[in-house]
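Student: need a structure here:
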Amino acid sequence: MDRNALKPIIEALIFAADHPLSVDRLAAVLEGEARDDVREALRELVSDYSSGLRGIYIEEVAGGYQLRTHPGHAPWLRRLFKMGMQRISKAALETLAMIAYRQPLTRAELEGIRGVDSAGVLRTLLEKRLVRIVGRKDEPGRPVVYGTTKEFLETFSLKDLASLPTLKEIETLEEAPELPETMEGYATENDGGKTSEDNSAGGDSVEKEGRGDDPSGKGHGEPQGS
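Tutor: This is a model prediction of the structure:
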């Protein structure tokens with residue numbers, strides 16, 4: 001198929017998908033088309049969207065490609081959907097950062113770093129599909145271990161976990177838990193004088209940039225392992 005004919009088909013597939021589509025997935029749908037041709041058509045499509053003034057663009061995220069609205073247009077989209085800005089507490093963001101960098105991580109290991117009970121905040125992150133149970137540790141009691149999801153990668157616009165800032169770029173988590181730069185923009189609601197234990201009680205919501213379940217964008221992730 002001619003590349004100019006491939007591009008609108010790929011565009012339609014990415015638009016219709018509820019999660020990022022990889023090159024392999026696109027090639028599987030486009031039976032008979034060479035993977036390299038699909039990749040090149042996709043590259044041109046991404047370039048087309050990045051040129052000129054557009055309200056949407058195609059981003060490589062969570063192992064695939066997804067159509068997203070420009071973050072700068074979020075205020076108008078929130079008006080359209082009559083939704084306020086959603087936020088995540090400092091305690092939840094701190095816990096999420098620790099899991100992202102040190103996964104797989106048990107609750108006991110997490111609480112050993114944070115120094116507080118983390119049951120509530122873990123429940124919140126599980127409900128938001130930002131973390132998931134990835135297995136059990138081979139030790140007495142067989143405690144469950146937690147890891148991040150594809151939803152986590154989508155929410156923070158990461159291609160993969162390797163896209164996180166390196167540990168050399170942040171302070172050691174054991175000494176003073178610092179939020180990775182990638183995540184800092186999402187901790188927009190302060191704790192109002194509460195302790196981490198108060199914030200662990202749950203009820204946090206997540207500010208999502210460029211996604212469909214928040215009016216700042218399109219696309220829904222799946223609670224799959226990263």
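
Student: next, the buried residues of the lengthiest helix in the chain.
Tutor: Determined from DSSP state H, the single longest helix within the chain is helix 35-50. Neighbour counts over helix 35-50 (16 or more other C-beta atoms under 10 Å) mark 38, 41, 42, 45, 46, 49 as buried. Where C-beta positions appear, they are placed from N, C-alpha and C, glycine not excepted.

Student: please apply the same query to stretch 126-142.
Tutor: Neighbour counts over stretch 126-142 (16+ other C-beta under 10 Å) mark 128, 129, 130, 131, 132, 134 as buried.

Student: ok, the fifth one touching residue 147?
Tutor: Translated: residue 132. Yes. Look at residue 132 against residue 147 with C-beta atoms under 8 Å: they come within range, at 6.5 Å.

Student: what's the helix or strand encompassing residue 27 in contact with?
Tutor: Under the criterion of DSSP states H and E, residue 27 resides in helix 23-29. For helix 23-29, the surrounding residues in contact (C-beta atoms under 8 Å, 6 or more residues apart in numbering) are 10, 13, 33, 34, 35, 38, 39, 42, 64.

Student: got any ranges where this protein has weak pLDDT?
Tutor: Residues of the chain meeting the criterion pLDDT under 70: 84-86, 167-226.

Student: how about the strands in it?
Tutor: Taking DSSP state E, the strands of the chain run over residues 56-61, 64-69, 105-106, 131-136, 144-148.

Student: deepest in the core, which of those is it.
Tutor: Of all the strands of the chain, strand 64-69 has the most neighbours on average by mean count of other C-beta atoms under 10 Å, namely a mean of 23.
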